[in-house]
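> model the structure of this input:
(2 chains)
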Amino acid sequence: MENVSSVGIKDKLTALYRQYAAQISDGMPEAMNRVRETAISQFDALGLPRKGCERYRFTEIMTAFGHAYGYSISKLAATADSQTVFRCAVPDLDTYTIIINNGWIDLKNSTIPANVVATEMADGANKYPELFAAHYNRLAAQKDDTTISLNTAFARSGLFLYIPDNVVVDKPIQIVNVLSGGNPLMVNQRNLIVAGRGSQAKIVICDHTLSNSQFLLNNVTETVLQPNAQLDCYCIQNLNDRSSQIASLLIEQNTDSQLIANTLTLHGGFVRNNVEVLMAGQNAEASIYGLSLPAGHQHIDNFTYVDHAVPNCTSYELYKNVLNDESVGVFSGYVLVRPDAQKTNAQQSNKNICISPSARMYTKPQLEIYADDVKCSHGATVGQLDESALFYMRQRCIGEDEAKMMLMSAFAHEVVRTIRIPILAERYAEMIENRLRGRHAACGDCFMKCEKR
Amino acid sequence: MFALAVSVCIIVIVRNMLTIKDLRASIDGKPILKGINLHINAGEVHAIMGPNGSGKSTLSSVLTGNSRFTVDGGEVTFLGRDLLAMPPEDRARLGLFMSFQYPVEIPGVSMVNFMRAAVNEKRKFNGLPALSAAEYLKLMREKSQLVEIDSRLTSRSVNEGFSGGEKKRNEIFQMAMLEPRLSILDETDSGLDIDALRIVASGVNKLKTPETSSIVITHYQRLLDYIVPDVVHVLYNGQIVKTGGKELALELEEKGYDWIKSEFDNK
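Residues are numbered from 1 along each chain as shown, chains lettered A, B, ... in the order given. This next block holds a predicted model:
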């Protein structure tokens, strides 16, 4: 980390916004522009989150922000070629593909299902003004996190994805999110996903860097599940280890909707994931999973916030970490059960294995329950590989390294088996094994293999 | 004449399965084994009996290479090799198998994958190619029939949610798969009802050949009705204090261990 103060960075970013406010708003919809001033003022007043505050108890966000990054207000000319698209596609996984390069959608190389709307934010706001205005910045504005305010102030690029009512998307939609270029770059990507009534879709989001430059991806995705919608959202995070990523997935679930959110973090020097779910309609179900495999000096922080605002909803959380070397893992799981939210069923579990004595894991379950007829549980463990199992396996001819490998894969399997796309689950298992073996963790024939991470 | 000498020589090598000389071991600085001497030939079944805390399970742990125990002295030769110098996996690959008193549950590792890794690692060690998927499944089917294990058990995670009897049966199944030269059955009878005991014992007997040996560790004579030992040893206070034929087991069953304890303690 360079020697830059948090206040210095805040002033710089605020000044950058003020200087280019006109360009940032240029050509963008009113719904996005009208909230910028409030957002930047909030960012200016509060600054970046400080280590030690409630949301960032164990994480120094300056690790991500304390570097010099370039920033691009307009779409860069360079786009990923179709070869890249082909290579980034998960092998054997038949999907629709949306390519996003440095935050901007590359429609030319994307294949979008006919019955779904997937386009740039500005385009989406023009085509669906009411829908856009109804949902844009509604969830984000309520969040007490200035990385989100910063995103709102600068937001220009990103994906507007609308799955109309009762549309069942026949294949998974893979969103390949690549960062490229030879210079350090900060990308503020803003996405809005609306899953209409009774719609069903599975989304696979792959975050990659195509070069070894230092990137900061500050990504905010607002997601609304309308009544009866079913959405699976699988995120594979695989930036290079010099880069930082803040991914905020803000979700509202309405009546009878079902969500699976699954985050797999392989590479990335600094990763902060905010998965925040608001249970806004009864009988909604959320399953939130996360698996992180940090090694080297990676710092991976998973923050979840589940707000049970109405009765009869179910949330299930399972987060696992396998930590190696000097890496640091954080899990903070906040569950709020509001006074009216009777019959809430909220379960949370965080299990971690430190395979190196110098790896550190911080875990903080936090339940606030104001209703009296609820079922809530939480548990957190930090341990090592089971010595008795290791010995048992070695007594059965299996070498020590291989036995450890099998135990770690088995530990990860509890998260992998929740994936409802079988081919993707197989690829997950492969990527996890590669990562744990210290190999580059990419899907099948990824061309990044030879690149030094 | 020369040819004869060579063949005699080979027989001698093959006859020697395990030789333990003055084996001493401790845990957390506390001595448990205080000079064990034992010799086992190919084809023999040795029973080791003794009261609680005499060191029976420590002996099997030390032989298999459990790092919780410290070897303080002595030597062990297994098939002509220095056993104590090898890591646990090499001891196993060479042909040493232990049926655990408390088989370990390994959630998330399927029996199929576990045994495939085990069988192929052993084959690799012995210079054999890995089994193909078809060969492996055939072997699994044959061996599960041999030891009468429900094929549903082999499709689950290793020992996860198995009853006590199923776990022990699974140990014998693994033994059948790995075809060890020397198997140690560490209190295999504990927690078994009489039917399960009979099935487990019949599995062990089916696997017996003139080239294999077994060490049967038990508290009770009951198991020895089914797995008949050639030699019975009594372990007490970290040493083998008495050795006899199978009738010694009956005598122990009748008189208990107190007479041995008093005989030994008065020395």
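> what's the average pLDDT for the helix or strand residue A:318 falls within?
According to DSSP states H and E, residue A:318 maps onto strand A:314-323. Taken as a whole, strand A:314-323 has a mean pLDDT of 98.
> just stretch A:247-254 next, same as before
pLDDT averaged over stretch A:247-254 gives 98.
> helix, strand, or coil at residue 224?
Since no chain was named, I'll use chain A. strand (DSSP: H, G, I helix; E, B strand; the rest coil).
> confirm residue A:134 sits in a strand?
No - assessed with three-state DSSP, residue A:134 is helix; it does not lie in a strand.
> I'd like the distance between it and residue A:226.
From residue A:134 across to residue A:226, the span is 11 Å (C-beta to C-beta, to the nearest Å). Any C-beta I mention is one placed from the backbone N, CA and C, and that applies to glycine too.
> try residue B:211
Note on residue B:211: its distance to residue A:226, by C-beta to C-beta, is 71 Å.
> please pull out the lowest mean pLDDT helix or strand from the chain.
No chain specified, so I'll use chain A. Lowest by mean pLDDT, DSSP states H and E among the helices and strands of chain A is helix A:82-88, with a mean of 54.
> packing partners for the helix or strand that contains residue A:430?
Secondary-structure assignment from DSSP H and E places residue A:430 in helix A:422-436. The contact analysis (3 or more C-beta pairs under 8 Å, 6 or more residues apart in numbering or on different chains; DSSP states H and E) places helix A:422-436 against strand A:230-238, strand A:258-267, helix A:400-416.
> repeat the analysis, applying 10 Å as the threshold.
Using 3 or more C-beta pairs under 10 Å, 6 or more residues apart in numbering or on different chains; DSSP states H and E as the contact test, the elements touching helix A:422-436 are strand A:200-209, strand A:230-238, strand A:258-267, strand A:314-323, helix A:400-416.
> quick one: the helix or strand harbouring residue B:200 near chain A?
Secondary structure from DSSP H and E places residue B:200 in helix B:194-207. No - in terms of C-beta under 10 Å from any C-beta of the partner chain, no part of helix B:194-207 sits within range of chain A; the closest distance is 15.9 Å.
> just checking, next helix/strand downstream of that helix?
Downstream of helix B:194-207, the first helix or strand assigned by DSSP H and E is strand B:213-217.
> distance of whichever residue of the stretch 101-250 of chain B sits closest to chain A relative to residue B:155?
Nearest to chain A, among the residues of the stretch 101-250 of chain B, is residue B:108, at 2.9 Å (C-beta to the nearest C-beta). Distance of residue B:108 to residue B:155, computed by C-beta to C-beta: 14 Å.
> before we move on, what about residue B:170?
In terms of C-beta to C-beta, residue B:170 sits 12 Å off from residue B:155.
> show me whatever sits in contact with both of the two.
The contact sets of residue B:170 and residue B:155 overlap at residue B:111 (C-beta atoms under 10 Å, 6 or more residues apart in numbering or on different chains).
> give the residues shared as contacts by residue A:134 and residue A:226.
Common neighbours of residue A:134 and residue A:226 (C-beta under 10 Å, 6+ apart) are residue A:194.
> more neighbours: those two, which one.
residue A:226 (20 against 12; other C-beta atoms under 10 Å in any protein chain shown).
> which pLDDT value belongs to the more buried one?
Predicted confidence (pLDDT) for residue A:226: 98.
> shouldn't it be in contact with residue A:200?
No - the criterion here is C-beta atoms under 10 Å, and residue A:226 misses it with residue A:200 at 11.9 Å.
> which residues do these two both contact?
With C-beta under 10 Å, 6+ apart as the test, residue A:226 and residue A:200 both reach residue A:163.
> and residue A:94, which of the three is it?
Under three-state DSSP, residue A:94 falls in the coil class.
> neighbours of it, how many?
Per other C-beta under 10 Å, the neighbour tally for residue A:94 reads 12.
> now swap in the one 5 residues further on and tell me
Applying the criterion other C-beta under 10 Å, we find 25 residues in the vicinity of residue A:99.
> strands along the stretch 251-400 of chain A, start to end?
Counting by DSSP state E, counting those that start in this stretch, the stretch 251-400 of chain A has strands at residues A:258-267, A:270-279, A:285-292, A:299-308, A:314-323, A:328-337, A:345-354, A:360-369, A:375-383.
> mind listing what's buried in the second one?
If I follow you right, that is strand A:270-279. A:270-279 (16 or more other C-beta atoms under 10 Å in any protein chain shown).
> try the last one
For strand A:375-383, burial by neighbour count (16+ other C-beta under 10 Å) applies to A:376, A:380, A:382.
> send me it as PDB with only the CA atoms.
Output in PDB follows, covering the C-alpha atoms of strand A:375-383 (Å, rounded to 0.1, in the frame of the first residue of the first chain):
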ATOM      1  CA  LYS A 375     -36.400 -20.000  14.500                       C
ATOM      2  CA  CYS A 376     -32.900 -18.500  14.200                       C
ATOM      3  CA  SER A 377     -29.600 -20.200  14.500                       C
ATOM      4  CA  HIS A 378     -26.000 -19.300  13.800                       C
ATOM      5  CA  GLY A 379     -22.700 -21.100  14.200                       C
ATOM      6  CA  ALA A 380     -19.100 -20.300  13.400                       C
ATOM      7  CA  THR A 381     -16.000 -22.600  13.500                       C
ATOM      8  CA  VAL A 382     -12.400 -22.100  12.800                       C
ATOM      9  CA  GLY A 383     -10.200 -25.100  12.800                       C
END
